[in-house]
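Undergrad: make a model of this:
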Amino acid sequence: MLIPRQVLERPTVTVRPFALTALRHPLVSLLLADHRALLADLLDGLGSPLHVVLPEVFEENVGRLRRAFADAGTDADILFAKKANKADCYVSSAAALGAGVDVASTPELVKALAGGVPGNRIGVSGPEKDDTLHALAVQHGCLVAVDSVSELRRLAATARLARRQAAVLLRSRTAGQPGSRFGMSAAERGTAVGLCAELADHISLRGFSFHLNGYSGAERARAANEMIEHCLDARLRGSANAELVDIGGGLPVRYVEPRLWNEFLAQNEPSHYHASKDFTDFYPYGGQSADQAVRAIMAHPVGGGESLAAKAGRHGIRFVVEPGRALLDQAGFTLFRVQQVDDRRESDGYAIVTVTGSSFSLSEQWFNSDYLPDPLLMSAQPVADELFPACVAGSTCLESDMVTWRKIGFPRPVGRGDHLVYLNTAGYQMDSNESPFHDAPLPSKIVVRLGDDGAAPRWRLDGIR
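TA: Residues are numbered from 1 along each chain as shown. So this is what the prediction gives:
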């Protein structure tokens, strides 16, 4: 029997990947251009994936945020949200700069103290903290964000036993998020403020905090304005030291140019992803930078033509901010070694590149999303006439283990032994979802600092002095 010609010749699927070129800090560009051999040797010696962390860039980001608050005519205590990255080097940098750290567990608090950050520059957040964390925070004079009336009572009991006074923020629900699982209702807040006055020997009410999802600067400014009013009310009720408003984190990071991001959103569709994966929510990769967001929040009008910063200054209110991702912007990247390439271009229109490692080391899937900035290909192959479309898979046995679901247009064919570089991964991507699945070791982190006067970069394993 003759088989029809159209069955023998499968039609080629046309894939036209959209380029989402990641922004690069000059230090990152220098490392990738002039020290590629060093990075390749480190990846070969320490294993794939390998996280490169850059404390110099972190330190720049702290300075940039401080200038943004100063330009707005106000001051803020900057606490690095340690949950965003476990590397010790960032805590050491915060200590050296006189910045603080925000922690939410006993191990995080221990690491912050061991890294040289004094207790009075450490904020302790997280809902319904346990007694061990309370005790350590009280002993070191940390600022504790209390989530409920019952937690406030427990903290007061701990402070009484320690014969100390606990510094406290009351975390309150905002008008915009009344159903949040974090913070106190208006009635609970009123009870808590009264308790603080009664328990003044053991509790010092320093101010108020809140929790918001998302990156709306206007919403954050409105919430901060609510907290200023709570401080003024608390002063009238006997808590004269209520002078702090913690605006949390939620400062955006710009990964790609805004124009490029808007073009991507306009053309994005499931066919651009492996298995036609349909994502409904992405991080705003082309949004504001963190310093722009700070200036907008502080300038937001809160009534009578007055800005948030001006109102805070008039009432002697100081701000606390807890950026994680924003301080880690461009402060690290991740290297993967290519383990195998399944070239499906003739049948499916794209290849599947399998790397040594897994999506646990690029944690955007934890947020039910895809990490969208294009990875860079480090290869000795010449640039091809046509793009090489491919998605990137992890080497585990999970169907869902896709490091990048989106089909990337590589400028040259990807081959076994090549290296992929994922840029700007220090903020949450490196280890939020890490796992020794299949008994694989957790990835190493190397701390890189640029040498002076053109000298080779200095590197060490994080955690080793």
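Undergrad: in the stretch 151-300 of the chain, which spans are strands?
TA: 166-171, 203-209, 244-246 (DSSP state E, counting those that start in this stretch).
Undergrad: counting by contacts, list what the longest one packs against.
TA: Pointing back at strand 203-209 there. Here strand 203-209 touches helix 149-162, strand 166-171, helix 186-198, helix 217-236, strand 244-246, going by 3 or more Cβ pairs under 8 Å, 6 or more residues apart in numbering; DSSP states H and E. Quick note: C-beta positions are derived from backbone N, CA and C, even for glycine.
Undergrad: model confidence over it, on average?
TA: Mean pLDDT, strand 203-209: 98.
Undergrad: pull the distance from that strand to the chain's centre.
TA: 26 Å (Cα atoms, centre = their mean, to the nearest Å).
Undergrad: redo the helices and strands packed on strand 203-209 as CSV? Include mean neighbour count.
TA: Output for the helices and strands packed on strand 203-209, formatted as CSV (neighbours: other Cβ atoms under 10 Å):
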stretch, mean neighbour count
helix 149-162, 18
strand 166-171, 26
helix 186-198, 17
helix 217-236, 20
strand 244-246, 26
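Undergrad: the ones you listed: which one's closest to D34?
TA: D34 lies closest to helix 217-236 among those, at 37.9 Å (Cβ to Cβ).
Undergrad: that closest one vs helix 186-198, what angle?
TA: 40 degrees (axes from the mean of the first three to the mean of the last three Cα atoms, to 10 degrees).
Undergrad: returning to that earlier point: can I get the strands of the stretch 151-300 of the chain in CSV including distance to M378?
TA: Formatted as CSV, the strands of the stretch 151-300 of the chain follow (distance: least, Cβ to Cβ, whole Å):
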stretch, distance to M378
strand 166-171, 45
strand 203-209, 44
strand 244-246, 42
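Undergrad: between those strands, which gets nearest to Y422?
TA: strand 244-246 (31.9 Å).
Undergrad: same for that closest one, what does it pack against?
TA: strand 203-209, helix 217-236, strand 318-321.
Undergrad: to H134, which of the strands of the stretch 151-300 of the chain lies closest?
TA: strand 166-171 (7.9 Å).
Undergrad: on that earlier part again, tell me which of the helices and strands packed on strand 244-246 sits nearest to E151.
TA: strand 203-209 (11.5 Å).
Undergrad: ok so, going back, could the helices and strands packed on strand 244-246 go into JSON lines alongside distance to L335?
TA: JSON lines is the format used below for the helices and strands packed on strand 244-246 (distance: least, Cβ to Cβ, whole Å):
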{"stretch": "strand 203-209", "distance to L335": "37"}
{"stretch": "helix 217-236", "distance to L335": "34"}
{"stretch": "strand 318-321", "distance to L335": "31"}
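Undergrad: H272 contacts G409, doesn't it?
TA: No: with contacts counted by Cβ atoms under 8 Å, H272 stays clear of G409, the gap being 10.6 Å.
Undergrad: neighbour-wise, which of these two wins?
TA: Each of H272 and G409 has its neighbours counted (other Cβ atoms under 10 Å); H272 has more, 20 against 16.
Undergrad: quick check: the more buried one vs A218, distance?
TA: 32 Å (Cβ to Cβ, to the nearest Å).
Undergrad: do R406 as well
TA: 31 Å.
Undergrad: and for Q288?
TA: 12 Å.
Undergrad: so what sits against both of H272 and G409?
TA: P17, F18 (Cβ atoms under 8 Å, 6 or more residues apart in numbering).
Undergrad: please name the nearest non-neighbouring residue to R24.
TA: Spatial nearest neighbour of R24, excluding adjacent residues (Cβ to Cβ, 6 or more residues apart in numbering): L423 at 6.3 Å.
Undergrad: cheers, nothing more for now.
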